[in-house]
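1. A structural model of the following input is requested.
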Amino acid sequence: MKNIIYKSLFAWLAIVSASVICLTSCKDDENNLNTPLKITAVYLEDSQSSVPDRLVEYARLGQTLRLEGSGFSGLQKIYINGRSTFFNTALLTDANVFVSISGETPILDADPDIRNTIILEKNGTQYTYPFEIRLAAPSITGVSHTMPQAGEEITVYGTGLQGIDRVIFPGDVAVTGGIISDNVDGKYCIVTVPAGISDDGGSLFIEGINGGAYSPAYFNFKRGLFHNFDNVNNYSWSSGIDDAGTPLTDIIPALGSQPKSQGGYQCFNFSGATIAANADKRYWTNSADWPAAMLNVIPGNTAAGMAAVQMDIYVEGNWNSGVIRMVMADGSGTDRYCMLYRPWYRNGAVVPFENPGCWYTITLPFSDSDDYSGKTFVDVVASMSNASYKQSGPWFHNTGITDVFEPEATDVKVYFDNLRVVPLDTPVYDEFGDE
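-> Now for the predicted structure:
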């Protein structure tokens with residue numbers, strides 16, 4: 001009988017205790033549910049960063065945030081720039097909520113009244129927190145002309161190039177006005193080249209609504225010039241080029257604000273004659289001395305993929321066939337120690353050539369040649385020093401691609417100038433200044 005009484009007593013105490021805990025917990029939940037929403041800080045969550053939980057004033061598409069504040073219990077909706085956004089309820093507390101910014105979040109096309117806002121919704125009430133939302137960090141993939149003259153317009157290509165309001169040229173020369181941005185797709189911006197750029201060259205730096213980015217360090221790298229038909233001339237001989245020893249000097253194109261010719265230059269087909277399939281026109285520079293001199297401006301241990309030959313070209317007519325073959329070390333066969341430029345072949349497909357109607361720069365990394373893949377710049381120089389013939393230079397070679405494109409006769413004219421060796425290293429943009 002006593003055991004029955006004790007068991008009943010213990011059961012009653014357990015029920016009372018559970019009821020007290022439940023009443024207290026429910027009261028706390030009710031208080032939290034009624035606590036007004038408030039964000040006091042926003043943190044960027046990045047496990048790969050030296051600061052994995054960083055206090056920030058803006059964030060980008062695809063990033064994960066921790067919102068710190070109060071009243072998050074019972075949170076029902078989060079809107080970022082007006083878009084309903086998923087948040088992790090399993091990690092939700094009254095003071096913290098984790099949310100990832102969807103890549104579909106509108107930026108430039110967001111409603112101006114709710115652009116750059118985080119809106120929380122609970123119990124039919126909303127709380128709005130001003131917070132800047134940016135696209136992914138910008139990048140520079142190319143520059144239309146890397147050795148232009150002051151006053152000419154150049155185009156910087158890349159991603160995230162919306163709202164560019166500052167371009168800094170080597171020598172810390174800044175342009176902050178007259179910049180035209182592709183504010184829809186962010187694929188380019190156009191800027192007029194200022195005077196006073198350093199001839200030592202370096203990277204372009206651009207800055208806009210999505211942050212900043214650097215180009216490779218090849219802009220205005222005049223230290224790497226080895227042939228320009230003017231004050232730097234290593235001409236040796238040529239084949240199939242009209243009067244190759246005498247540079248052309250007429251200013252072309254005559255009109256427009258985009259890059260023009262600079263003093264002397266040459267042309268692979270100035271007469272406009274028909275170039276038969278598999279024929280070539282060659283221009284050679286004397287490479288007995290200049291390659292070794294380039295070791296003073298490009299460190300010998302530079303990876304072959306981080307250095308290149310650049311040259312500026314101008315095209316007249318339809319480039320329907322043929323390549324520029326930049327031969328570095330002559331005497332080992334047509335396909336050895338060379339890099340190709342074929343603008344009619346992109347991403348594995350033959351496409352029509354788009355003539356920009358002005359001079360532009362082509363970049364030929366040494367690693368494009370199988371002979372230099374995995375090598376360094378000192379290996380490039382050594383191959384030129386050990387070549388059977390101490391000559392290097394560009395050809396126009398009317399060749400195709402095996403099983404893809406058969407060459408055909410062409411009368412295209414390709415002018416060229418400013419042959420140079422350039423570095424391809426790109427400074428890392430430290431967004432927060434502490435990485």
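
2. Kindly indicate whether the residue most central in space within the chain is helix, strand or coil.
-> By C-alpha atoms, centre = their mean, the mean C-alpha position of the chain lies nearest to I140, the distance being 2.7 Å. The three-state label given to I140 by DSSP: H, G, I helix; E, B strand; the rest coil is strand.

3. same deal with P291?
-> Strictly by three-state DSSP, P291 counts as helix.

4. related to what we said a few turns ago, S215 is in contact with the residue nearest to the centre of the chain, correct?
-> Yes. With contacts counted by C-beta atoms under 8 Å, I140 reaches S215, the gap being 4.3 Å. For the C-beta atoms, the positions are set from N, CA and C on the backbone; glycine is no exception.

5. list the residues that contact both of these two?
-> 156, 204, 206, 426 (C-beta atoms under 8 Å, 6 or more residues apart in numbering).

6. In contact with the residue lying closest to Q391 once chain neighbours are set aside, which residues are there?
-> Leaving aside its chain neighbours, Q391 sits nearest to W284 (4.3 Å; criterion: C-beta to C-beta, 6 or more residues apart in numbering). By C-beta under 8 Å, 6+ apart, W284 lies in contact with 235-238, 330, 391-393.

7. quick one: average pLDDT of the strand or helix carrying W284?
-> For W284, the host element (DSSP states H and E) is strand 280-286. Across strand 280-286, the average pLDDT comes to 96.

8. what's the answer for stretch 244-257, then?
-> Mean pLDDT, computed over stretch 244-257, is 92.

9. Touching that stretch from outside, list them.
-> Contacts of stretch 244-257 (C-beta under 8 Å, 6+ apart): 151-153, 192, 229-230, 235, 237-238, 260-261, 263-267, 270, 283, 314, 357-358, 415.

10. Over to that stretch now: how far is its first residue from its last?
-> End-to-end distance of stretch 244-257 (C-alpha to C-alpha, to the nearest Å): 28 Å.

11. Now do the buried residues in it.
-> For stretch 244-257, the neighbour count (16 or more other C-beta atoms under 10 Å) marks 244, 247-248, 252 as buried.

12. next one: stretch 137-153 to chain centre, how far?
-> Centre-to-centre, stretch 137-153 and its host chain are 12 Å apart (C-alpha atoms, centre = their mean, to the nearest Å).

13. For it, list every residue counted as buried.
-> Buried, per 16+ other C-beta under 10 Å, within stretch 137-153: 138-140, 143-148, 152-153.

14. same question, stretch 225-233
-> Using 16+ other C-beta under 10 Å as the test for burial, stretch 225-233 gives 225-229.

15. Between the two ends of that stretch, how far is it?
-> End-to-end distance of stretch 225-233 (C-alpha to C-alpha): 9 Å.

16. now do stretch 225-235
-> Taking C-alpha to C-alpha, stretch 225-235 runs 13 Å from one end to the other.

17. who touches it?
-> 244-245, 247, 262-266, 284-287, 289-291, 293-294, 393, 417-421.

18. Any of the residues you listed buried? List them.
-> Buried positions within these, assessed by neighbour count (16+ other C-beta under 10 Å), are 244, 247, 262, 265-266, 284-287, 290-291, 294, 393, 417-421.

19. returning to that earlier point: which one of the buried residues of stretch 137-153 is nearest to A304?
-> A304 lies nearest to T146 out of those, by C-beta to C-beta, at 19.3 Å.
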